[in-house]
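**Q** no sequence for this one, just the structure:
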């Protein structure tokens, strides 16, 4: 593992420290999870953008409609 330093404004540091306190985890663990969450969100956003034209053609606009369509045999 590598050690890095980073700069945060006061509000961001307070938020990070609050998360650390609330979850009883280290700053490093929280930041690693934030990076993983960001990567996942970026992937999901890209998938949604690629799927949007097809979903429009199928008139599927809500998560419920998509789930129902996916469950049909």
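**A** Yep, it's here. Just so you know, these numbers come straight off a predicted model, no measurement behind them.

**Q** buried ones in the host helix or strand of residue 52?
**A** Here residue 52, judged by DSSP states H and E, is contained in helix 27-57. The neighbour-count check on helix 27-57 (16 or more other CB atoms under 10 Å) flags residue 30 as buried. For every residue, glycine as well, the C-beta is placed using N, CA and C.

**Q** chain center to it: distance?
**A** Put simply, helix 27-57 sits 5 Å off its chain's centre (CA atoms, centre = their mean, to the nearest Å).

**Q** so what does it touch, helix or strand wise?
**A** In terms of contacts (3 or more CB pairs under 8 Å, 6 or more residues apart in numbering; DSSP states H and E), helix 27-57 is packed against helix 10-23.

**Q** other residues contacting the helix it packs on?
**A** Under the criterion CB atoms under 8 Å, 6 or more residues apart in numbering, residues 8, 25-27, 30-31 lie in contact with helix 10-23.

**Q** just send those residues back as a markdown table, with pLDDT and distance to residue 55 too.
**A** Compiled in a markdown table, those are given as follows (pLDDT from 0 to 100; distance: CB to CB, whole Å):
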| residue | pLDDT | distance to residue 55 |
| --- | --- | --- |
| 8 | 97 | 38 |
| 25 | 98 | 37 |
| 26 | 97 | 40 |
| 27 | 96 | 39 |
| 30 | 98 | 34 |
| 31 | 97 | 34 |
